[in-house]
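Novice: Let me see the structure of the following:
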Amino acid sequence: MALDTQPRLTRPDDFYEALIDMHRDLDDAQSQAANAQLILLLANQVGDHDTLLSAIRLARAGALGNAAQ
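Specialist: Coordinates of the predicted model:
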């Protein structure tokens, strides 16, 4: 099953603002911990192992500048 990468956020600007607010007044370690906590919560919501592995591969490729892979 291919990962759905089409934009689906109903309020992307509001989500981005909330994400930035989550990091406000946190030091680097706390910010990384908040990111990890959010990732685990969302991964649990997705639940499907193959979908999560696809997301991991796409995120890594994007970070390396290979988003088309």
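Novice: in the protein, what spans have low per-residue confidence?
Specialist: 1, 67-69 (pLDDT under 70).
Novice: Centre of it to the edge, which residue is at the far end?
Specialist: Largest separation from the mean C-alpha position in the chain: Asp25, at 20.6 Å (C-alpha atoms, centre = their mean).
Novice: so Asp50 is in which element?
Specialist: Secondary structure from DSSP states H and E places Asp50 in helix 49-63.
Novice: so what secondary structure elements neighbour that helix?
Specialist: Counting contacts by 3 or more C-beta pairs under 8 Å, 6 or more residues apart in numbering; DSSP states H and E, helix 49-63 packs against helix 28-46. All C-beta spots, glycine's among them, are computed from the backbone N, C-alpha and C.
Novice: Can I get the helix it packs on as CSV, trimmed to CA atoms?
Specialist: Provided in CSV are the C-alpha atoms of helix 28-46 (Å, rounded to 0.1, in the frame of the first residue of the first chain):
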residue,chain,number,x,y,z
ASP,A,28,16.5,21.8,22.8
ALA,A,29,16.1,18.6,24.8
GLN,A,30,12.5,19.4,25.7
SER,A,31,11.8,20.3,22.1
GLN,A,32,13.2,17.0,20.8
ALA,A,33,11.2,15.1,23.5
ALA,A,34,8.0,16.9,22.5
ASN,A,35,8.7,15.9,18.8
ALA,A,36,9.3,12.3,19.8
GLN,A,37,6.2,12.2,21.9
LEU,A,38,4.1,13.7,19.0
ILE,A,39,5.6,11.2,16.5
LEU,A,40,4.8,8.2,18.8
LEU,A,41,1.2,9.5,19.4
LEU,A,42,0.6,9.9,15.7
ALA,A,43,2.3,6.6,14.8
ASN,A,44,0.0,4.9,17.3
GLN,A,45,-3.0,6.6,15.6
VAL,A,46,-1.9,5.3,12.2
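Novice: hmm, who's touching that helix?
Specialist: Contact with helix 28-46 is made by 22-23, 26, 52, 55, as judged by C-beta atoms under 8 Å, 6 or more residues apart in numbering.
Novice: hmm, which two among those residues are most spread apart?
Specialist: Taking C-beta to C-beta, the two most distant members of those are Leu26 and Leu52; they sit 25.4 Å apart.
Novice: Many thanks, have a good one.
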